[in-house]
Structure formats: structure tokens, C-alpha cells
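Colleague: need a 3D model of the following:
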Amino acid sequence: GGYTLITIDADSIILQERKSSGETLSPWLTFNDSNRPSWELNPPRPDYSMNSHHPSVSEVWSLQEHSDMGSGMALEGKKLFYTNTAGEIKALDASNGQPVWTFKTEGKIYSTPTLDENNVWCASSDSYLYGLDIQTGGLRFKLKNDKAVVSSPAWSENRVMVAGGDGHCRAWNTATGDLVWDFDSVKNFVVTRPLIKDGVIYFGSWGNEFYAIDIETGKSRWIWNSGQANRMFSPAQAVPVAAGGRIYLASPDRYMTVHDEKTGEVIWRYNDPANRVRESIGISEDGRTVYAKTMDGNILAIDTTLPERKVKWISLGETMGYELAPTPLVEKNGVVFAPTDKGMIYAYRASDGAFLWKYRISAGLINMILPTDGNELYVSAMDGRLVKLSVNY
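Modeller: Numbering: from 1, shown residues only. Got it, this is the predicted structure:
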């Protein structure tokens with residue numbers, strides 16, 4: 001493995017490969033004054049004109065962070081909590097976007113905050129899980145992991161849990177900060193937001209494995225290995241969902257896999273060449289439908305009331321085009337919201353998949369869509385753009 005070094009001087013551009021061992025190879029491409037590429041002075045910019053075609057959608061407020069945003073948000077009452085890659089955990093007034101407090105960590109953050117009654121929990125690449133006062137942002141807990149943490153914590157009753165980059169999933173008491181248990185058999189590192197369901201925490205790793213860990217004991221209920229040799233096919237990015245005693249996930253090998261919640265037995269596992277799924281899935285509010293975004297920009301609706309795979313509908317009308325964003329789909333008030341890797345949000349009718357509208361907030365990947373009980377939603381993008389939208393149906 002390795003990466004490319006690009007050196008730009010006043011009279012040359014040099015491209016070299018640097019190996020993971022640290023060795024830098026001889027240039028494989030060089031431009032000098034005589035063959036320097038010509039730069040386009042006014043390259044095309046992202047097109048926002050589609051927003052005017054959907055006047056029912058409007059911005060309430062928006063902000064641009066001073067660094068990227070690599071994670072999602074959490075909403076509690078009138079406060080919205082989010083992070084950025086400058087290592088900051090922030091709270092703002094959800095009604096107007098004005099800042100309430102900021103807490104700075106010592107590393108970049110790719111972790112989505114989770115909340116209990118009193119605390120905001122969020123991990124940092126500085127290897128710590130932080131517990132902050134939900135009102136003031138004051139530090140209450142700083143809990144150590146052995147390596148960087150780029151996954152999101154989960155909370156259940158009096159325990160907060162996070163699976164990190166060190167092969168461990170740990171649980172701490174949220175009142176005292178004491179370590180309750182340490183599961184030390186995670187293969188490779190974890191990046192996802194886990195699922196909490198009936199006393200079990202579920203998550204995948206970049207080691208081609210998916211875990212069900214008992215929240216009380218820290219022991220594995222079951223572990224599933226996908227059988228793939230290439231770790232790039234791991235079920236690591238998907239945020240799993242649960243319905244009818246089954247766990248649903250999708251992964252880059254284009255398979256959707258459904259497990260028995262208690263045993264881990266594979267109920268069905270399907271690769272549809274005509275509808276290639278990846279990590280982006282979601283679940284309906286009533287739990288009767290799982291949605292999956294395809295790489296060709298459509299949405300599949302899968303019936304969760306049946307043990308076998310049954311497609312209820314495939315989205316109709318406008319597609320999203322080639323799509324790789326792993327961000328979850330979300331349904332609210334009869335609308336399925338779909339994120340894209342091009343900074344756009346698409347909305348489809350949950351009953352039949354009919355296209356409703358699309359709106360662009362950015363040129364970056366959408367990393368969360370967070371609808372409210374009303375006709376409002378918060379949307380964040382990888383380039384640090386955060387927007388509150390209002391939809392008038």
C-alpha cells in the first residue's frame with residue numbers, strides 16, 4: 001500500500017509514490033515549464049438551480065463550519081449537538097442556529113454525539129470518550145481507549161459504550177465513569193453508529209465481522225463473519241436496523257443480509273445485480289419497511305413482516321444517479337429522505353416511492369438527515385455545511 005505525493009514548485013509539478021514503509025519512489029510523472037498543464041480559470045461550479053424548482057422547501061438558517069464535519073448530529077429540546085474535524089463538540093440553539101457552547105478535544109472528531117438525560121457523549125481521535133454537561137458543555141468524564149476512536153458511542157440505561165480502533169468495545173457507568181466491561185475481540189477498527197436493541201449492542205467492523213454484544217455482561221451473543229477475504233467489503237459503515245426479531249444490514253459487497261436477532265442465523269442474504277445496494281439503509285417509523293439505497297440512485301422498500309425477501313416498491317420518478325454515500329435513509333411523516341454524495345437531499349413518498357422533491361445544500365457528501373416531529377429537518381455535509389430546512393407540504 002501507499003499514496004501519491006504531489007510536489008508543486010514555481011517551475012514544476014512532480015508526482016511520486018510513497019510506500020507505507022516510508023520509502024519514496026522515483027517520480028512517475030513530471031510536468032515542467034514546457035509541458036505544464038493548462039488550468040481552467042473558471043471551472044464549472046456545483047449547480048444549485050434545482051432548489052428553485054421546489055419552492056415548498058426553504059432554508060430556515062444555515063452555517064458554514066471552519067473545518068469539515070465527519071459525523072452527524074443529535075437533537076434534544078431546543079439544542080442541536082454536532083462536531084467537526086477541528087476536534088470541537090458544539091451545541092447551538094436549534095431555532096436560530098446561534099452557538100450555545102463549544103468544547104475542544106485534542107484530536108479530529110468523526111463521532112456522532114449521543115445523549116443521556118444529563119450528558120453529551122462523543123469520542124475523538126485523541127483516543128478519549130468525552131462526557132459533557134448537556135447544558136453547559138463542561139467536562140464531566142474523559143474515558144481512555146488505547147487508540148483513536150472514529151466511531152460513535154451508544155447509550156442504554158446507565159451505560160455508555162463505544163467500539164474503537166484498538167479492537168475493543170467498552171462500557172462505562174454513566175454516573176461514575178467506572179469501566180463496567182471490556183470486550184477485547186473486535187477484528188480491525190469500527191466507524192459506525194451502533195444499534196441498541198433489547199439489551200444488545202450491534203455493530204460491524206472493518207474486519208468483515210458483525211457483532212452482537214450483551215450490554216449487561218459484555219459477552220458476545222453472536223459474531224457473524226461475511227466470508228469475504230477483502231476487508232473493503234466489510235459491513236462496517238452500515239448503521240444496522242431492527243424489525244420483527246431480525247437485524248438488517250447492507251455492505252459494499254452489494255449484499256443485504258438479514259440475521260435472527262437472538263442467534264445471528266442468516267435468514268436471507270441477497271445480491272441483486274439489477275439493484276445494487278451498499279451501506280445506506282433505513283427503517284420506517286412503524287418498523288414494517290426497510291429502505292435501501294442502490295448504487296444507481298434508486299430506493300428499494302423491503303417488507304419486514306415476512307421472513308423472505310419481498311420488494312414492496314422501487315422508487316419512481318427522478319433517480320439520484322450513481323451513489324456511494326453510506327449515510328442512512330430516514331423516514332418521517334410519510335416521507336423517505338435520501339442522502340447523496342453530491343450534497344443533495346431527495347424526498348420520496350413512503351407509500352409508493354414516488355419522487356417528491358430534491359434540494360442541494362452543498363457539494364459535499366451528506367452525512368446526516370435529522371427530521372423533527374414537524375416539517376423541519378437538519379442536514380449536515382462533509383464540507384462543514386449545516387442547514388435547517390422547512391418543508392411546506
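
Colleague: what's near enough to touch residue 152?
Modeller: With contact taken as CB atoms under 8 Å, 6 or more residues apart in numbering, residue 152 is in contact with 71-72, 111-114, 122-123, 162, 192-194. Using the backbone N, CA and C atoms, a C-beta is placed for each residue, glycine as well.

Colleague: how far away is it from residue 240?
Modeller: To residue 240, residue 152 is 13 Å away according to CB to CB, to the nearest Å.

Colleague: so what sits against both of those two?
Modeller: By CB under 8 Å, 6+ apart, residue 152 and residue 240 have these common neighbours: residue 194.

Colleague: tell me, what residue is most central in this structure?
Modeller: residue 327 (4.5 Å; CA atoms, centre = their mean).

Colleague: can you verify that residue is assigned to a helix?
Modeller: No: with DSSP: H, G, I helix; E, B strand; the rest coil as the criterion, residue 327 is assigned coil and is not in a helix.

Colleague: residue 370 is in contact with that one, correct?
Modeller: No: look at residue 327 against residue 370 with CB atoms under 8 Å: they stay out of range, at 11.0 Å.

Colleague: and the pLDDT at the residue nearest to the centre of the chain?
Modeller: pLDDT, residue 327: 98.

Colleague: chain neighbours aside, what residue packs nearest to it?
Modeller: Nearest non-adjacent residue to residue 327, counting by CB to CB, 6 or more residues apart in numbering: residue 339, 4.0 Å away.

Colleague: related to what we said a few turns ago, OK, contacts around the residue nearest to the centre of the chain?
Modeller: Per CB under 8 Å, 6+ apart, neighbours of residue 327: 280, 339, 365-369.

Colleague: run the last query once more with 10 Å
Modeller: 72, 237, 239, 279-280, 282, 293, 338-341, 365-369, 380-382 (CB atoms under 10 Å, 6 or more residues apart in numbering).

Colleague: try residue 193
Modeller: Neighbour list for residue 193: 71-72, 111-112, 114, 151-154, 203, 237-240, 328, 368 [criterion: CB under 10 Å, 6+ apart].

Colleague: redo that, cut-off 8 Å
Modeller: Residues in contact with residue 193 (CB under 8 Å, 6+ apart) are 72, 112, 151-152, 154, 239.

Colleague: so which of these are in strands?
Modeller: If you go by DSSP state E, the contacts of residue 193 have residue 154 in strands.

Colleague: counting neighbours, which of the contacts of residue 193 end up buried?
Modeller: Among these, those classed as buried by 16 or more other CB atoms under 10 Å are 72, 112, 151-152, 154, 239.

Colleague: out of those residues, which two sit at the greatest distance?
Modeller: The largest separation in the buried ones among the contacts of residue 193, counting by CB to CB, is between 72 and 154 at 13.1 Å.

Colleague: pull the CA atoms of the helix or strand where residue 291 lies into CSV?
Modeller: Using DSSP states H and E, residue 291 sits in strand 289-294. C-alpha atoms of strand 289-294 as CSV (Å, rounded to 0.1, in the frame of the first residue of the first chain):
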residue,chain,number,x,y,z
THR,A,289,-40.4,-1.5,5.9
VAL,A,290,-36.7,-1.3,5.5
TYR,A,291,-35.4,1.0,2.8
ALA,A,292,-32.1,0.5,0.9
LYS,A,293,-30.5,2.9,-1.5
THR,A,294,-28.9,1.4,-4.6
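
Colleague: can you tell me the strand partners of the next helix-or-strand element following that strand and which way each runs?
Modeller: Next in sequence after strand 289-294, counting helices and strands by DSSP H and E, comes strand 299-303. Counting by DSSP bridges, the strands paired with strand 299-303 are strand 289-294 (antiparallel), strand 311-314 (antiparallel).

Colleague: so how far is residue 269 from residue 222?
Modeller: Shown here: residue 222 relative to residue 269, a distance of 15 Å by CB to CB.

Colleague: thinking again about what came up before, neighbour-wise, which one of the contacts of residue 152 leads?
Modeller: With neighbours defined as other CB atoms under 10 Å, the most crowded of the contacts of residue 152 is residue 123; it has 31 neighbours.

Colleague: how about the contacts made by that one?
Modeller: Listed by CB under 8 Å, 6+ apart, the contact set of residue 123 reads 109, 111, 129-130, 145, 149-153, 162, 164.

Colleague: between the residues you listed, which sits nearest residue 313?
Modeller: Looking at these and their distance to residue 313, the nearest is residue 152, at 30.7 Å (CB to CB).

Colleague: bridging residues for the residue nearest to residue 327?
Modeller: residue 345.

Colleague: quick one: residues contacting the residue found closest to residue 265 once you drop the neighbours it is linked to in the chain.
Modeller: With CB to CB, 6+ apart as the criterion, residue 265 has its nearest non-adjacent residue at 6.6 Å, and that residue is residue 259. Residue 259 makes contacts with 210, 224, 246-247, 249, 265-267, as judged by CB under 8 Å, 6+ apart.
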